[in-house]
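1. Generate a structure from the sequence data that follows.
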Amino acid sequence: MEKLGLDAVWWLVTPGNPLKDPGIYAEYAARLAGAREAANHPDIVVSDFEQRRGLQYTVDTLRQVKDTNPNADFVWIMGADSLSQFHRWKDWRDIAELAPFAVFARPGYEDALSSPAGEALKDVRLPAERAGALSGAETPAWIYFAETANPISSTALRAAGSPAQDTGADLSAPHGPLAFFLDLHPAPNDFHADAMEGLAAKEKCLSPKYFYDERGSRLFQKITEQPEYYPTRTEKEIFTNNAPAICAAPGANVAIFEYGSGASEKIEWLLTGLERPAAYVAMDISRDYLIGCASAIAERFEMPVAAVCADFHGHVEIPKGILPEPDRWFGYFPGSTIGNMTPPLAARFLRRAGETLGLEAKLLLGVDLVKDVEVLNAAYNDAAGVTAAFNLNVLRRMQRELGADLAIDDFEHDAFYNERESRIEMHLRARRETSISLDGRAFRFAAGESLHTENSYKYTIERLEALFAETPWRLETVWTDPKKWFAACLLSRT
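-> This next block holds a predicted model:
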């Protein structure tokens, strides 16, 4: 309060966060009591304002707080964990216009300033020494306090109904056949909010994660079987042909940490080829799928198996004292999924992986390489039209799940290699002037205008080394196929 020059702090205990699993919340009365116990200060007022008024979204809360208190100046206060997800909040840009806000550092969210919202608002961020004037600043305006990394969070209070240390996690050990299951409660996808924001953008876009409903997942499996689509079979060929060398590289008694849980047959070559593996831990964002895959592996192999439900880009700390102590951790991230990240996001992922796996760790990374443009374009424009159906399926999903009013025939699949950016781009391009209407709002497309749905970056070894130089990893060994279309990279943590 002193830093910001505030007369009081109002702690509005939320009835629920749309981006979080409602199952993490304790009863509201218990949470309200817990907040009051934690506040323990005469100038911190704990309020059930949102509960009484039936408010769910911050933008609506701020409007009503200001309307009912027209003579007061407000500063919205949040933690860096919230800033990292701020771009996913409903009407987040309006929130930034409604009131200046202050962000306090949180352990594990040191990269919050480089989040989409942090980047978008970086030009209106004020220096911390102007904190006392923030409440009267013209919006948008905000301040970041880097020196106040307090481990207490409202998430922990919501879960427990009383003050608690926030690990943001639920740990169950054992969990069925698993040695442990660590649930970090990754924020659920908000298809509606992301679609509204993407359609309203100057260059219309939609995250590729929305490809994967049930039909989309089946179509992707068919894509991997098309003769033009080389990545899946080429990576498998590299692993098969080089399995002895790959498995010998990390040494004996390593614990495997797989990014993206897979079917047991896809990792069997590694689990059986390593010398005396200490344990296997699978990580994925889809809770039920993750538990199913990890449990199947636990039933097939004698080593301890565990699972972590988390987002690739979040902070993950492997629980200590449950698994046998390995000589080192060995990360496994196949499939060139790193190519779906922008290079800055890929670097951030690798830094996070370095924190998770620790010193002397190694990481096996699958990467798609730059190659003949005709080969690249053919892989994403198969003759059978499966990739086109996969891309267009997201429009069907918008119709079914969001009630979008659109004509699928007004769009066509368009995928091409962008040589300047070194990436394949997938778009849904308007064949004629058309629109997509959502919640009564029409998003118009000129003929030829597109909805950008995916990027897949392709690397040279030189560009990979430049990427790794921004991280704690260094390239140790590269295995490729005879055509040098794909690479399995062994990285060492420095």
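
2. Am I right that residue 323 is in a helix?
-> No: looking at residue 323 with DSSP: H, G, I helix; E, B strand; the rest coil, it is coil, so not inside a helix.

3. Tally up the residues packed near it, please.
-> For residue 323, the neighbour count with other Cβ atoms under 10 Å is 20. Heads up, the C-betas are built off the backbone N, CA and C, glycines and all.

4. who's in contact with it?
-> 179-180, 255, 278-279, 281, 304, 306 (Cβ atoms under 8 Å, 6 or more residues apart in numbering).

5. what's the distance between it and residue 70?
-> Distance check for residue 323 against residue 70: by Cβ to Cβ, to the nearest Å, it reads 58 Å.

6. same check, this time on residue 171
-> From residue 171 to residue 70 the distance is 47 Å (Cβ to Cβ).

7. Who has more neighbours out of the two?
-> residue 171 (14 against 6).

8. In which helix or strand does the more buried one reside?
-> Assessed by DSSP states H and E, residue 171 sits inside strand 170-172.

9. ok, then the element right after that strand?
-> strand 181-183.

10. in its sheet, what does that next one sit against?
-> Using DSSP bridges, strand 181-183 pairs in its sheet with strand 170-172 (antiparallel), strand 305-309 (parallel).

11. Include distance to residue 86 and mean pLDDT when you put these into CSV, please.
-> Shown next, in CSV, are the strands paired with strand 181-183 (distance: least, Cβ to Cβ, whole Å; pLDDT from 0 to 100):
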stretch, distance to residue 86, mean pLDDT
strand 170-172, 24, 83
strand 305-309, 22, 95
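
12. who wins for proximity to residue 47 among those?
-> strand 170-172 (27.8 Å; Cβ to Cβ).

13. neighbouring contacts of that closest one?
-> So strand 170-172 is contacted by 24, 180-183, 185, 319 (Cβ under 8 Å, 6+ apart).

14. 10 Å instead?
-> 23-24, 159, 178, 180-185, 307-309, 319, 322 (Cβ atoms under 10 Å, 6 or more residues apart in numbering).

15. got a list of what residue 240 touches?
-> Here residue 240 is in contact with residue 269 (Cβ under 10 Å, 6+ apart).

16. where's it, which helix or strand?
-> helix 231-241.

17. Pull out the buried residues from that helix.
-> Of all the residues in helix 231-241, those buried under the rule 16 or more other Cβ atoms under 10 Å are 231-232, 234-236, 238-239.

18. tally of neighbours for residue 76?
-> 18.

19. My read is that it contacts residue 104, right?
-> No: taking contacts as Cβ atoms under 10 Å, residue 76 lies outside contact range of residue 104: 11.8 Å.

20. returning to what we had before: just say which of the strands paired with strand 181-183 is most tucked in.
-> Burial of these is given as mean neighbour count (mean count of other Cβ atoms under 10 Å); strand 305-309 ranks first at a mean of 26.

21. helix or strand right after that strand?
-> Trace forward from strand 305-309 with DSSP H and E and the next one is strand 328-333.

22. strands paired with that next one, and their directions?
-> Sheet partners by DSSP bridges: for strand 328-333, these are strand 254-259 (parallel), strand 362-368 (parallel).

23. picking that back up, which of the buried residues of helix 231-241 sits closest to residue 434?
-> Closest to residue 434, out of all of these and judged by Cβ to Cβ, is residue 231, at 32.6 Å.

24. Quick check: pLDDT value at the closest residue in space to residue 224 that isn't next to it in sequence.
-> Leaving aside its sequence neighbours, residue 224 sits nearest to residue 232 (Cβ to Cβ, 6 or more residues apart in numbering; 4.2 Å). pLDDT recorded at residue 232 is 94.

25. Distance of residue 232 relative to residue 374?
-> From residue 232 to residue 374 the distance is 19 Å (Cβ to Cβ).

26. Stretch 315-333: end-to-end distance?
-> End-to-end distance of stretch 315-333 (Cα to Cα, to the nearest Å): 16 Å.

27. now it: how far from the chain's centre is it?
-> 21 Å (Cα atoms, centre = their mean, to the nearest Å).

28. again, but for stretch 269-286
-> 22 Å.

29. in a strand, that's where residue 451 is, yeah?
-> Yes: under three-state DSSP, residue 451 sits within a strand.

30. Could you verify my assumption that residue 246 touches residue 334?
-> No: using Cβ under 10 Å, residue 246 is not in contact with residue 334, being 11.2 Å away.
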